[in-house]
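Engineer: Generate coordinates for the sequence data below:
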Amino acid sequence: MSPPFRRRAELIIAGIGMAACAVLQGGFALVITRSDDATLESTIVPALRAAGLDLADADAHVVLNTMAAWFGFSFIAVALCTAIGFFFARLRPRRRATGFCFLAAGLACLFGTQFVLYPVAFFFLVSAALFAVRTATPRSSS
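Structural biologist: Residues are numbered from 1 along each chain as shown. I've put the predicted structure just below:
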């Protein structure tokens, strides 16, 4: 019987990516959707303008709510793909196809944030690459 094989590195890296997505994507979506018009105009829009994002006064509310909805939707897709990946990585760690779940999570993070969170998506892509590269090597019992 072969010794147990664990995907600890892959799961830790994907977990870091998921935590970063929760803070950045989920946090942005939560802050924008919970803010009223006065807060958006007085604090959030000036902060975004100072960061270099050119928003017109008339369109700021619509643009920010649309972006928050898109970030929230893509965060749900990332969380779902990551949860499925964690489930299959624990159930069958020797299987390489599980990496496709983390690849899908990385791509959902990339496209869902319009490439803004590419450093976070990198964690999922590294995890998927480790699933493809690392193989279970049988250890000798002696």
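Engineer: For L11, give me its contacts.
Structural biologist: Taking CB atoms under 8 Å, 6 or more residues apart in numbering, we find L11 in contact with 86, 89, 127. Using the backbone N, CA and C atoms, a C-beta is placed for each residue, glycine as well.
Engineer: try 7 Å this time
Structural biologist: 86, 89 (CB atoms under 7 Å, 6 or more residues apart in numbering).
Engineer: Quick check: it vs R49, distance?
Structural biologist: The spacing between L11 and R49, counted by CB to CB, to the nearest Å, is 40 Å.
Engineer: any low-confidence regions in this structure?
Structural biologist: By pLDDT under 70, the weakly predicted segments of the chain are 1-3, 136-142.
Engineer: one more time with 90
Structural biologist: Counting by pLDDT under 90, the chain contains low-confidence ranges at 1-6, 36-41, 47-49, 51-61, 92-97, 134-142.
Engineer: State the distance from T82 to A56.
Structural biologist: 36 Å.
Engineer: Give me the more crowded residue out of those two.
Structural biologist: Neighbours per residue, other CB atoms under 10 Å: of T82 and A56, the larger number sits with T82, 25 against 9.
Engineer: Any idea how far the host helix or strand of the more buried one is from the middle of the chain?
Structural biologist: Using DSSP states H and E, the element containing T82 is helix 60-91. For helix 60-91, the distance from its own C-alpha centre to the chain's C-alpha centre is 7 Å (CA atoms, centre = their mean, to the nearest Å).
Engineer: same thing with stretch 19-39?
Structural biologist: That offset, for stretch 19-39, works out to 15 Å (CA atoms, centre = their mean).
Engineer: buried ones in it?
Structural biologist: Under the neighbour-count criterion of 16 or more other CB atoms under 10 Å, stretch 19-39 has 20-21, 24-26, 28-29, 32, 35 buried.
Engineer: Restricted to strands, list those residues.
Structural biologist: Members of those lying in strands (criterion: DSSP state E): none.
Engineer: Closest to S74 out of those?
Structural biologist: Proximity of the buried residues of stretch 19-39 to S74 was ranked by CB to CB; the top entry is Q25 with 6.7 Å.
Engineer: Just give the nearest non-adjacent residue to the closest one, would you?
Structural biologist: Residue nearest to Q25 in three dimensions, not counting chain neighbours: F75, with 4.1 Å by CB to CB, 6 or more residues apart in numbering.
Engineer: Before I go, just wanted to say thanks for your time.
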